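Trainee: Okay, sequence plus prediction incoming.
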Amino acid sequence: MKFGGSSVASAERMKEVADLILSFPEESPVIVLSAMGKTTNKLISAGEKAASCVSTVSEMDELAFVKELHYRTVEELGLEKTLIEDHLEKLERLLNGIAVLKEFTPRARDYLVSFGECMSTRIFSAYLNKIGVKARQYDAFDIGFITTDDFTNADILEATYPAVAKRLNGDWVRDPAIPIVTGFLGKGWRTCAVTTLGRGGSDLTATTIGKALGLREIQVWKDVDGVLTCDPNIYSGAEPVPYLTFDEAAELAYFGAQVLHPQSMRPAREGDIPVRVKNSYNPNAPGTLITKSRDMSKAVLTSIVLKRNVTMLDIVSTRMLGQFGFLAKVFSIFEDLGISVDVVATSEVSISLTLDPSKLWSRELIQQASELDHVVEELEKIAKVNLLQHRSIISLIGNVQRSSLVLEKAFRVLRMNGVNVQMISQGASKVNISLIVNDSEAERCVRSLHSAFFESDMSDID
Ligand SMILES: Nc1ncnc2c1ncn2[C@@H]1O[C@H](COP(=O)(O)OP(=O)(O)O)[C@@H](O)[C@H]1O
Ligand SMILES: N[C@@H](CC(=O)OP(=O)(O)O)C(=O)O
């Protein structure tokens with residue numbers, strides 16, 4: 001069971017989560033926790049301020065916030081301050097170190113944010129023990145979560161599964177206690193330093209443990225009634241989606257639905273372990289069940305996802321190379337520069353594609369700009385290139401077997417809104433149609449599409 005930051009944001013919430021866990025007395029769950037509430041954001045902002053010397057560390061609002069939140073929680077749960085005192089002192093020393101160096105590297109950033117999960121799990125584990133439920137805290141980087149050394153966005157390596165299983169099973173056999181594991185964190189295999197799995201990475205920690213231990217079900221507890229038909233921040237009338245396949249959930253997450261980490265479905269799919277997305281604020285709501293397959297006979301559209309601020313490239317061949325050579329050359333340029341491509345559409349002499357913003361975001365702004373210039377420079381040796389920024393990908397996740405129906409209705413809605421789609425791609429995944437529009441019109445499009453697909457009588461398209 002994974003509980004996100006919103007589920008463990010205060011002492012009150014932690015008590016409710018404890019009650020929730022105890023309401024499944026016949027189960028022996030493994031618990032994965034994120035940092036409390038907004039702790040991760042505050043820590044990142046504290047690190048940035050420290051590096052730019054905006055204020056002295058001891059007077060920083062962010063540090064005061066994190067200290068106050070954790071001390072208050074400890075006190076309200078009737079626990080000892082000493083539980084987190086060392087971590088908070090070390091955290092302040094680390095921020096002072098960043099201020100001295102005037103440098104906030106990705107490696108330092110991962111170490112800094114790890115304090116959030118290290119403290120939330122210690123507090124929660126101590127609370128369970130206090131109320132008589134035997135629990136044991138684990139730092140993921142100490143129990144075999146082995147990752148690449150891509151700080152801020154590390155990938156879990158295969159060796160993690162047997163290592164984690166060995167450690168958790170071994171401890172359970174020797175001395176049974178509910179494991180309380182830090183989400184989001186790992187250990188780089190070369191550097192041995194703390195890494196993080198990308199924002200929202202605790203979902204991936206949970207599914208990794210699920211696969212490692214061959215669990216019956218993985219539950220991720222959030223602050224929404226499951227995966228919704230669209231981002232509730234764009235449209236508050238979004239409805240829960242009761243069933244999804246791993247493929248649908250993976251596309252949805254990859255194309256920007258913040259509710260699930262982009263890579264989190266991979267271990268669940270490999271282990272064929274159902275994932276249930278539930279609301280810790282409303283446990284009676286059925287949530288979303290994600291499994292290998294589901295009845296698609298009635299399915300048309302499942303969810304609409306928006307990924308903003310995407311860069312698009314229009315690349316038109318100057319016919320210096322044959323068609324095979326052209327495609328190969330274009331993609332080898334992206335490979336050489338380590339930039340991944342999201343959506344692609346080709347004609348005989350041109351390629352339109354979008355660049356994966358998550359890969360670019362993990363780099364400095366200045367670096368991003370020069371990288372894009374470099375891409376264009378390389379491509380211009382064989383093609384005419386048009387770089388288009390501030391685009392959005394609207395992904396229509398659903399039954400691509402019925403793509404003509406989906407497209408007919410989608411394009412009718414977009415035409416009525418005066419929107420011209422700049423690129424369209426229907427991949428082999430059979431669950432996703434992607435449309436590229438301007439950032440400025442994207443939210444309006446999502447709302448209109450939502451109303452057409454989910455709020456009107458669907459009979460006219462069946
Ligand atoms: N399609 C969607 N379905 C549900 N939630 C979504 C969707 N798209 C974006 N969200 C946002 O994702 C949030 C839940 O994810 P997250 O913040 O990672 O939760 P937690 O921190 O509890 O793990 C919701 O509060 C909602 O604002
Ligand atoms: N605390 C990390 C990891 C995480 O998964 O958080 P949440 O479950 O609150 O999205 C983050 O904010 O990115």
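Mentor: That came through, no problem. Only a predicted model underlies this, so the values are computations on that prediction, with no experimental measurement involved. Ligands and ions are numbered 1, 2, ... in the order given.
Trainee: C-alpha from now on. contacts and neighbour counts both.
Mentor: Will do.
Trainee: if I read this right, residue 386 contacts residue 313, doesn't it?
Mentor: Yes. The pair formed by residue 386 and residue 313 meets the contact definition of C-alpha atoms under 8 Å, at 5.7 Å.
Trainee: Ramachandran angles for residue 275?
Mentor: phi -110, psi 130 (degrees, to the nearest 10).
Trainee: With residue 435 instead?
Mentor: phi -120, psi 140.
Trainee: quick one, which of residue 386 and residue 313 is more surrounded?
Mentor: residue 313 (18 against 14; other C-alpha atoms under 10 Å).
Trainee: Quick check, the more buried one in contact with residue 387.
Mentor: Yes. When contacts are counted by C-alpha under 8 Å, residue 313 is listed as touching residue 387 (4.8 Å).
Trainee: This protein against ligand 2: which residues are in contact?
Mentor: Neighbours of ligand 2 within the chain, by C-alpha under 6 Å from any ligand atom: 4, 5, 34, 35, 40, 184, 199, 200, 201, 202, 203.
Trainee: Among the residues you listed, which pair sits farthest apart?
Mentor: The largest distance within those, taken as C-alpha to C-alpha, falls between 40 and 203 and amounts to 15.1 Å.
Trainee: Could you check which of these two is surrounded by more residues?
Mentor: residue 203 (30 against 21).
Trainee: Around the residue of the stretch 1-150 of the chain found nearest ligand 1, count how many other residues there are.
Mentor: For the stretch 1-150 of the chain, the residue closest to ligand 1 is residue 4, as judged by C-alpha to the nearest ligand atom, at 3.4 Å. For residue 4, the count of nearby residues is 24 (other C-alpha under 10 Å).
Trainee: Equivalent analysis for the one 4 residues further on, please.
Mentor: A count of neighbours around residue 8, defined by other C-alpha under 10 Å, yields 25.
Trainee: try residue 295
Mentor: 9.
Trainee: can you check residue 343 too?
Mentor: 22.
Trainee: Could you look up the SS state of it?
Mentor: strand (DSSP: H, G, I helix; E, B strand; the rest coil).
Trainee: so who does the closest residue to the residue of the stretch 1-150 of the chain closest to ligand 1 other than its chain neighbours touch?
Mentor: Leaving aside its sequence neighbours, residue 4 sits nearest to residue 34 (C-alpha to C-alpha, 6 or more residues apart in numbering; 5.0 Å). Applying C-alpha atoms under 8 Å, 6 or more residues apart in numbering, we find residue 34 in contact with 2, 3, 4, 5, 8, 116, 117, 120, 182, 183, 184, 202.
Trainee: 7 Å - rerun?
Mentor: 3, 4, 5, 117, 182, 183, 202 (C-alpha atoms under 7 Å, 6 or more residues apart in numbering).
Trainee: Next: residue 253.
Mentor: Per C-alpha under 7 Å, 6+ apart, neighbours of residue 253: 260, 261, 262.
Trainee: Surely the last one is in a helix?
Mentor: No. Going by three-state DSSP, the assignment for residue 262 is coil, not a helix.
Trainee: residues contacting it?
Mentor: 250, 253, 254.
Trainee: So which of these belong to helices?
Mentor: Taking DSSP state H, the ones among the contacts of residue 262 that sit in helices are 250, 253, 254.
Trainee: from these, which has minimum pLDDT?
Mentor: Here the lowest pLDDT out of the ones in helices among the contacts of residue 262 sits on residue 254, with 90.
Trainee: residues near that one, how many?
Mentor: Residue 254, neighbours per other C-alpha under 10 Å, totals 21.
Trainee: gap between the nearest residue to it once chain neighbours are set aside and ligand 1?
Mentor: Leaving aside its sequence neighbours, residue 254 sits nearest to residue 262 (C-alpha to C-alpha, 6+ apart; 4.4 Å). Distance of residue 262 to ligand 1, given as C-alpha to the nearest ligand atom, to the nearest Å: 11 Å.
Trainee: Now do residue 262, the pLDDT please.
Mentor: pLDDT, residue 262: 91.
Trainee: closest to ligand 1 among the contacts of residue 262?
Mentor: residue 253 (8.5 Å).
Trainee: residue ranges for the strands of the stretch 301-450 of the chain, please.
Mentor: 301-317, 341-346, 350-355, 383-398, 423-426, 432-438 (DSSP state E, counting those that start in this stretch).
Trainee: Could you export the first one as CSV, keeping only the C-alpha atoms?
Mentor: Listed next in CSV are the C-alpha coordinates belonging to strand 301-317 (Å, rounded to 0.1, in the frame of the first residue of the first chain):
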residue,chain,number,x,y,z
LEU,A,301,-12.9,6.9,-24.6
THR,A,302,-11.4,6.3,-21.1
SER,A,303,-9.6,9.5,-20.2
ILE,A,304,-8.2,12.7,-21.7
VAL,A,305,-4.7,13.8,-20.7
LEU,A,306,-2.9,17.0,-21.3
LYS,A,307,0.9,17.5,-21.5
ARG,A,308,1.8,21.2,-21.7
ASN,A,309,4.8,23.2,-22.8
VAL,A,310,6.0,20.6,-25.3
THR,A,311,8.5,21.4,-28.1
MET,A,312,7.6,20.3,-31.6
LEU,A,313,9.9,20.0,-34.6
ASP,A,314,8.8,20.0,-38.2
ILE,A,315,11.6,18.5,-40.3
VAL,A,316,11.4,18.5,-44.1
SER,A,317,14.0,16.6,-46.0
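Trainee: Measure how it sits relative to strand 350-355, angle-wise.
Mentor: 130 degrees (axes from the mean of the first three to the mean of the last three C-alpha atoms, to 10 degrees).
Trainee: among the ones in helices among the contacts of residue 262, which are in reach of ligand 1?
Mentor: Okay, of the ones in helices among the contacts of residue 262, nothing touches ligand 1 (C-alpha under 6 Å from any ligand atom).
Trainee: out of those, which one sits closest to ligand 2?
Mentor: If you rank these by distance to ligand 2 using C-alpha to the nearest ligand atom, residue 253 comes first, at 12.5 Å.
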